[in-house]
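[1] Sequence and predicted structure are below.
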Amino acid sequence: MNKLPTPDELKEGGVLLVDKPVDWTSFDVVNKLRRQLHVKIGHCGTLDPLATGLLILCTGKFTKKITEYQQQAKEYTGIIHLGAVTPTYDLESTPEQEKDIAHITEEDILKATQQFIGDIQQLPPIHSAIKKGGKRAYEYARAGKEVKLDPRNIQITAFDITKIELPEIHFRVACSTGTYIRSLAHDFGQALGCGGYLQELRRTKIGEYNADNALSPSQWIEHWKPTA
C-alpha cells in the first residue's frame, strides 16, 4: 500500500479507500469519518448495508471528482443462493417460494451465465433508491404499492462461477456502473427456473482501486491517532 494520507492532507483534498463493514450503510461510513476529520467528504457509489468491500471516499477539493470515480467499472465477488427468492433480492427480506434444485447441473449453471455477459438491459430492484414520481422506489415497495421501473442498459464483461456448493453459487462479476448485483442474482435464478437471491456480496475493485488496499473505518481512525 502507498503512504497513507494524513488528516491535514485530506482536509486539502484526497481519496480514502475504505473497506465497508457488513451492516453499515455507506452514509454510516461517511458520517463516522467526517466526525473524525472535520472535513467535507462524500462517497463514490453506494453499497447496500449487507454488502462489504471497497468504498471510495473523496475529501476537500477532491469531492469534485466523485462522479468521475462513480463512472468507473467495478468488480464484485459473492454468493447466489438458488431455490428461493426474496422481495429485496437479498437477505434484507425473508426467503420465500422455495423450489427443488436437485435437477440443476453444473452445466446448467455455467450455461446460464452466458446470457448475462455483454451489453444487456437490466431491471433494477423495486427495493432500491431510484426515484420515481418524486419518491424512492423502496418507499412504494414498503407501502405495498406497485411501481414500474424502466430497464437500464448495463455491461457485464465477466460473470465467472468460482465454486458450486448447491444451493450456493460463488461468483465473480466485472461490470459497468449502474449494475445491480441483486438483480443479477434474481435474474440468474429465474433463468435457471428455480429462483435465486443474493446471499453475500463484496466489492473488490473500482477502476484501478482494489479492496486489498482499503482499511476499515476503525483502522483509519486508529491510524490517525496521535503517537506518544
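    Yep, it's here. Residues are numbered from 1 along each chain as shown.
[2] can I assume Ile104 is in contact with Cys194?
    Yes - between Ile104 and Cys194 there is a contact under Cβ atoms under 8 Å: 6.4 Å. Every residue, glycine included, has its C-beta placed from N, CA and C.
[3] What values do phi and psi take at the nearest residue to Gly45 once chain neighbours are set aside?
    In space, and not counting its chain neighbours, Gly45 is closest to Gln70: 5.1 Å by Cβ to Cβ, 6 or more residues apart in numbering. Main-chain dihedrals, Gln70, degrees, to the nearest 10: phi -60, psi -30.
[4] What are the neighbouring residues in contact with Gln70?
    44-45, 177 (Cβ atoms under 8 Å, 6 or more residues apart in numbering).
[5] residue ranges of the helices in this protein, please?
    Ranges of helices in the chain, per DSSP state H, are 7-12, 26-37, 66-70, 106-113, 137-142, 181-191, 217-224.
[6] Where does pLDDT dip in the protein?
    1-2, 127-145, 227-228 (pLDDT under 70).
[7] rerun that using 90 as the cut-off
    The chain contains residues with pLDDT under 90 at 1-14, 35-39, 44-46, 48, 123-151, 222-228.
[8] Domain boundaries for it, per the record?
    Following automatic domain parsing, the chain resolves into domains at 7-71+208-224, 74-206.
[9] Figure out the length between the terminal residues of the longest one.
    When you say that, I think you mean domain 74-206. By Cα to Cα, to the nearest Å, the extent of domain 74-206 from end to end equals 5 Å.
[10] and what of the shortest one?
    One end of domain 7-71+208-224 to the other measures 7 Å (Cα to Cα).
[11] State the number of residues packed around Glu165.
    8 (other Cβ atoms under 10 Å).
[12] Now do it against Ala158, distance only.
    Look at Glu165 and Ala158: by Cβ to Cβ, to the nearest Å, they are 21 Å apart.
[13] Now for Tyr209: which residues touch it?
    Per Cβ under 8 Å, 6+ apart, neighbours of Tyr209: 17, 54, 56.
[14] Now the first one. Nearest residue, chain neighbours left out?
    In space, and not counting its chain neighbours, Leu17 is closest to Ala214: 3.9 Å by Cβ to Cβ, 6+ apart.
[15] Could you verify my assumption that the one you found touches Val29?
    No - Ala214 is beyond contact range of Val29, at 10.9 Å (criterion: Cβ under 8 Å).
[16] which one's the longest strand in the protein?
    The longest strand of the chain (DSSP state E) is strand 152-165.
[17] buried sites along it?
    Neighbour-count burial for strand 152-165 flags 152, 154, 156, 159, 164 (criterion: 16 or more other Cβ atoms under 10 Å).
[18] can you put those in a markdown table and add distance to Val39?
    Listed next are the buried residues of strand 152-165 as a markdown table, based on distance: Cβ to Cβ, whole Å:
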| residue | distance to Val39 |
| --- | --- |
| Arg152 | 33 |
| Ile154 | 33 |
| Ile156 | 36 |
| Phe159 | 38 |
| Ile164 | 46 |
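[19] Nothing else from me, thank you.
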